[in-house]
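J.: Below are the sequence and a predicted model for it; my questions follow.
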Amino acid sequence: MPRAKGQKNPKKLNWYGLGPLGYTHQFPVTGDWTSDQLGIEMVCFRIGHRRREGGLGKFGHFKNIVDLCWNNEEMPSLKRCIWNKWSEKQARELCRRDELGIAGSSSSGKSDMGALWAVVNYIVDPTHTKVLIMSTTIKGAKDKIWKTLREYLDALPSYPGKPLWSTNQLLGSNYMEDGYGDSSGIYLLAGEKAKEKESLEKLLGIKAPRTGDLDGSFEGLCAVPAFADLVAEREEEELRDLLPRLANMLPGRPGKIIFEIDEATGVVDSVYNAYRTNLKPGNPGHIQLVMMANPNLHWDVFGRFCRPAVGWENVTIRDEEWETTSGGLCIRLNGEKNPRITEKNEKLSWMLTQEELDDMAKYGKTSLYYYRFVLAFWCPQGADFGVYSQSDIENTGAMEKAVWGFGKPVMHSSLDPVFSTGGDKPACTFFLYGEDTLGRSIMEIVEQVPVQIDVGDTDTDVSYQLVREWRRQCEKRGILPQNAAFDATGGGVPFAGIVRHEWSAKVQGISSGGKPSNRKVGSERNSDGSALLANQRFGTKATEMWFAAHPFLRSGQIKGISTELAKEICSRKLSDRSTGLGNKVNVEDKRIYKKRELHSPDDADSFFVGLEHLRTRHGFKAQDFAADAPPQEAGRPGGPWEAFKRRARKLTTKTNLQR
């Protein structure tokens, strides 16, 4: 812990009225004011010493700990905490809530406060605090919250625990404080799909550190010998509030898990499900979950966590906080009202300036970009979502399962090789194609998996490994080569040749590069009534492929879209550039998407390759049938319902029925 150097006249210690609780006699005083006052503040923080008891409340003591450790003028520090309206608001709610969502604009300081909260809680009780830090990727965390956390720790003269930064962990002090272990400490995890299994294995079954079997009931706490004097002197109502807080100082106490998720919009659903079904029930009252992000979609992990108790329809851009369905709180840090602007405080140099806000407004103040990174609010329906909106997925039944007709659907597969579009992983989509009970042609996504490659196998070229493993996965599912396709954009002829050599020439190679086709764009028309063609509307073939799902979604012919896939589809925005030929539409560059979302939309690319495969090879066409059409419309003459009835009558004739 920090000590003031060369201090000749120690200041008087502030005990905050701890005498009646017995701590003035138990606390070892060293004579170094900074160290001793810090110890007192830590005790007050741990017991949540209230103002009516002589304390400052949990937040007041948290702030004093921060100031003594990092803002102490008598001590040099390489890291400072600049308090402001936003940092104080976050810290106050972190002190009050076991579940807190922080929806922040760009450069709002949410990751900084998350890192500071983790460090303070750990150094205050290093034997009984386990902190789990998660971000979408390890690299992303090391650029933000993990980097800041290390800066705060490294700015201290010393701190408890054993840092193993190469493996992204700080082992905590053991209960005897003469060694280290993983019962407590600080640990970094990845929340992306590729690291899902590894992270879940680390999360499941985790228990808060504990050194005994303390009976935490009121009756059990009253029976603790250390509380005998208090029980004899105080009223029951006061004891019911006081004793559970004082129990945080007992030797046999259970500790706490603090689980912080930064960039929470990119974390897989299974992580949040593990918290709800395993971590929280397994550690009742001894776990805190904090999520931080630029808001994106209602049904990504962050949106689910921050869902208002009153429903999204009853929360507007004017609301700066709300209670969530799980009993937590969501707070907003609206970039238009950041303290650098409202208080004209240039010390807050990391926050957005008015000039930067004006520049970001060029995308439109109703755009998804502006809502996410400035307003820190979930973009409402009807605003600019980019290529696809939430309603395109939610209101068309695309996340539901297909109800197949009498014919058995056929399994297909599409591959997006990692080198084809500058992606993160080779992504493979398996999907069914057939007719539903209404006679509509349906594409149903069954699963999406990364194709595994052995990077240690230096004798076999990666492309050969990729094709062989993809073929193996397809044959395991009974997929014929004519029902498989791959993106041949980056790999070109060499990769296509490997596919032909290792599998079959019947596997379809699809290029997402170059110019768009001259196919019709759904049922859209030009001003003169002629059919709108893809090369009239889109600037690139990749854009045409990304827009291709719109008519199929409207007609309810795409099913099985997972939450993870929906997030990728809805996160791709339009480019702000035009081709110079009638301002044709273009999707944003993959590099821009990856910089913002911290990963490449590989699963989405694989899905769109599969859709293109069905359109070009198997005649998949969007039918003029609304996904939410009423039953009577489905039965119009010549419609899908009539086709279904004709097939049913044919199948049930006397010659076709078997006894």
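T.: Yes, it's here. Numbers count the residues shown, from 1 in each chain.

J.: where in this protein is pLDDT low?
T.: Along the chain, the model assigns pLDDT under 70 to residues 1-10, 25-26, 381-385, 419-423, 490-493, 576-583, 624-659.

J.: list the buried ones in stretch 71-85?
T.: N71, N72, M75, S77, K79, C81, N84 (16 or more other C-beta atoms under 10 Å). Where C-beta positions appear, they are placed from N, C-alpha and C, glycine not excepted.

J.: ignore the last one, stretch 606-618
T.: For stretch 606-618, using 16+ other C-beta under 10 Å, the buried residues are S606, F607, F608, V609, G610, L611, E612, H613, L614, R615, H618.

J.: how about the CA coordinates for that stretch, as CSV?
T.: Extracted C-alpha coordinates of stretch 606-618, given in CSV (Å, rounded to 0.1, in the frame of the first residue of the first chain):
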residue,chain,number,x,y,z
SER,A,606,-21.1,-17.6,-44.8
PHE,A,607,-24.9,-17.3,-44.5
PHE,A,608,-25.1,-14.9,-47.5
VAL,A,609,-22.9,-17.3,-49.6
GLY,A,610,-25.4,-20.0,-48.8
LEU,A,611,-28.3,-17.8,-49.8
GLU,A,612,-26.6,-17.0,-53.1
HIS,A,613,-26.0,-20.7,-53.6
LEU,A,614,-29.7,-21.5,-53.3
ARG,A,615,-30.7,-18.6,-55.5
THR,A,616,-28.3,-19.3,-58.4
ARG,A,617,-28.1,-23.1,-58.3
HIS,A,618,-31.4,-24.3,-56.8
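
J.: What lies in contact with that stretch?
T.: 412-416, 427-429, 431, 433, 443, 445, 448, 482, 484-487, 508, 510, 512, 545-546, 548-549, 552, 558, 565, 569, 620-621 (C-beta atoms under 8 Å, 6 or more residues apart in numbering).

J.: just to revisit the earlier point, can you redo the buried residues of stretch 606-618 as CSV with secondary structure and distance to N535?
T.: Formatted as CSV, the buried residues of stretch 606-618 follow (DSSP: H, G, I helix; E, B strand; the rest coil; distance: C-beta to C-beta, whole Å):
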residue, secondary structure, distance to N535
S606, helix, 24
F607, helix, 23
F608, helix, 18
V609, helix, 20
G610, helix, 22
L611, helix, 19
E612, helix, 15
H613, helix, 20
L614, helix, 21
R615, helix, 16
H618, coil, 23
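
J.: Strands of the stretch 501-650 of the chain, start to end?
T.: Secondary structure of the stretch 501-650 of the chain by DSSP state E, counting those that start in this stretch: the strands cover 508-510, 520-525, 531-533, 558-559.

J.: returning to that earlier point: and the buried residues of stretch 71-85, which two are furthest apart?
T.: The distance between the two most remote of the buried residues of stretch 71-85 (C-beta to C-beta) is 22.0 Å, for M75 and N84.

J.: In space, what's closest to P450 - neighbours in sequence excluded?
T.: Distances taken as C-beta to C-beta, 6 or more residues apart in numbering put K425 closest to P450, at 4.4 Å, once the chain neighbours are dropped.

J.: mind checking how far the one you found is from G311?
T.: K425 sits 37 Å away from G311, going by C-beta to C-beta, to the nearest Å.

J.: More neighbours: which of the two?
T.: Counted by other C-beta atoms under 10 Å, K425 and G311 do not tie: K425 has more neighbours, with 21 against 9.

J.: Would you mind measuring from that one to S199?
T.: Applying C-beta to C-beta, the value for K425 to S199 is 16 Å.

J.: What backbone torsions are found at the residue lying closest to W83 once chain neighbours are set aside?
T.: Nearest non-adjacent residue to W83, counting by C-beta to C-beta, 6+ apart: K63, 7.2 Å away. With angles defined as degrees, to the nearest 10, K63 sits at phi -60, psi -40.

J.: and K63, what is it in contact with?
T.: Contacts of K63 by C-beta under 8 Å, 6+ apart are W83, E88, A91.

J.: Now intersect those residues with the helices, please.
T.: Counted as lying in helices by DSSP state H, out of these, are E88, A91.

J.: Can you add distance to E41 and give the contacts of K63 back as a markdown table?
T.: Output for the contacts of K63, formatted as a markdown table (distance: C-beta to C-beta, whole Å):
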| residue | distance to E41 |
| --- | --- |
| W83 | 16 |
| E88 | 17 |
| A91 | 14 |
